[in-house]
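1. Here is my input; please provide its structure:
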Amino acid sequence: MKTKHAYFYIGASALLLISCGGGSSSASSNSNPQSIPTSEESQVSSLDPSFYSATVMFPDGTPVSGVDVMWCTSSQCFMPIRTDENGTSVNEAIGDNQYYVHISRIPEGYTYNPNIYTPNEEDRHVDIFLEPLSIATLEKEGLPAGSDNRYIYESDKAYEVTLEEEGDIIFFGFNAEASGKYEIESWAVDKQSTNPTNPKFLYYGDDPTAIPTSPIEEKDDGGIGDNFKYALNALEGKSYTFAIIGSATRYPATFTVKVSTTVE
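-> Prediction:
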């Protein structure tokens, strides 16, 4: 079995979460008690509510043009429609249904959760916020026994994970600088994927040589069948290890892993 080793070091700081919905709501303050709508709000309000639409934005709300937006059902996908200068794509051809919105041609260095944007006939518009895709730093000194490398990750960020071949196992870990709950989830495309991938999660606790077990707490993934979402109760000063394995139709298979921290 081919192994790879990558270690998360999760701190108690930098715990701000990036919103996955809703746009900028800042308004100017003057003698008029009514809020002045932002350009993004004006754009959304001007959209025909009978059509399905999506607006793609950077984390700060800046629109992203040139992104291909595709609406999919559980059985088919429709031709993608590219976002305009306002970051908005409108599909006037599809009928009433619940859809999964997938995007492609996003700027390099960003990712998104492909399974949470599900418009329907009562709520036809979605705001899609991109998240920065972090790149790990390779470290080759002070490694655990049996490891040939490890990667240092910062807290509360998204990372690209690639299974190069069948049987790959990728180790991650983090040092808890404060006691609290840590959530770990995968973002593999679940509906209408061109390469169906099923990530799996193994928990080793604070002993990387132990036999892997189930995590302390397993969370509902919202009905997303092939992704994991787990919560771990970590103690301050402890170092925890987990691993990602999985299966795919073709290799290499790439998906995103997001680590979120909520220190209580």
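
2. Asn175 reaches Thr241, doesn't it?
-> No: using Cβ atoms under 8 Å, Asn175 is not in contact with Thr241, being 10.5 Å away. For glycine as for every other residue, the C-beta is placed from the backbone atoms N, C-alpha and C.

3. surely Ser186 meets Asn227?
-> Yes: the criterion here is Cβ under 8 Å, and Ser186 meets it with Asn227 at 4.7 Å.

4. what touches both of the two?
-> Pro199 (Cβ atoms under 8 Å, 6 or more residues apart in numbering).

5. related to what we said a few turns ago, which of Asn175 and Thr241 has more neighbours?
-> Set Asn175 next to Thr241 and count neighbours by other Cβ atoms under 10 Å: Thr241 wins out with 22 against 16.

6. Flag every buried residue along whichever strand or helix holds Ser260.
-> Here Ser260 sits within strand 253-262, counting by DSSP states H and E. For strand 253-262, the neighbour count (16 or more other Cβ atoms under 10 Å) marks 253, 255-261 as buried.

7. I'd like those residues as TSV, with pLDDT appended.
-> As requested, those are exported to TSV (pLDDT from 0 to 100):
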residue	pLDDT
Ala253	93
Phe255	92
Thr256	93
Val257	89
Lys258	86
Val259	81
Ser260	82
Thr261	79
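
8. If we only consider the residues you listed, which is nearest to Ile106?
-> Thr256 (11.8 Å; Cβ to Cβ).

9. bridging residues for that closest one?
-> Here Thr256 sits in beta bridges with Glu160, Trp187, going by DSSP bridges.

10. Return the residues in contact with it.
-> Shown in contact with Thr256 (Cβ under 8 Å, 6+ apart): 111, 113, 133, 158-161, 186-188.

11. Need the buried ones from those selected in ChimeraX.
-> Those of these that count as buried under 16+ other Cβ under 10 Å are selected in ChimeraX with:
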select :111,113,133,158,159,161,186,187,188
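
12. Could you dump the contacts of Thr256 into CSV with distance to Ile170 added?
-> Formatted as CSV, these follow (distance: Cβ to Cβ, whole Å):
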residue, distance to Ile170
Thr111, 17
Asn113, 20
Leu133, 16
Ala158, 15
Tyr159, 10
Glu160, 11
Val161, 6
Ser186, 11
Trp187, 15
Ala188, 14
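
13. out of the contacts of Thr256, who's nearest Leu232?
-> Nearest to Leu232 among the contacts of Thr256 is Ser186, at 14.7 Å by Cβ to Cβ.

14. Skipping its backbone neighbours, what lies nearest the closest one in space?
-> Distances taken as Cβ to Cβ, 6 or more residues apart in numbering place Pro199 nearest to Ser186, at 4.1 Å, with adjacent residues excluded.

15. Quick check: Arg105 vs Asn91, distance?
-> Distance, Arg105 to Asn91, by Cβ to Cβ, to the nearest Å: 16 Å.

16. Thr197 too?
-> To Asn91, Thr197 is 26 Å away according to Cβ to Cβ.

17. now Ile169
-> The gap separating Ile169 from Asn91 is 41 Å, by Cβ to Cβ.

18. ok, back up a step: counting neighbours, go ahead and name the busier of Arg105 and Asn91.
-> Between Arg105 and Asn91, Asn91 has the larger neighbour count (other Cβ under 10 Å), namely 20 against 12.

19. who are the neighbours in contact with that one?
-> With Cβ under 8 Å, 6+ apart, Asn91 has these contacts: 51-53, 69, 71, 78, 81.

20. Likewise for Tyr110?
-> 58, 130-133.

21. Swap in 7 Å and give it another go.
-> 130-133 (Cβ atoms under 7 Å, 6 or more residues apart in numbering).

22. ok, now Val101?
-> Applying Cβ under 7 Å, 6+ apart, we find Val101 in contact with 54, 69, 71, 117, 119, 126, 128.

23. Buried only: go through the residues you listed for me.
-> The neighbour-count criterion (16+ other Cβ under 10 Å) marks 54, 69, 71, 117, 119, 126, 128 among these as buried.
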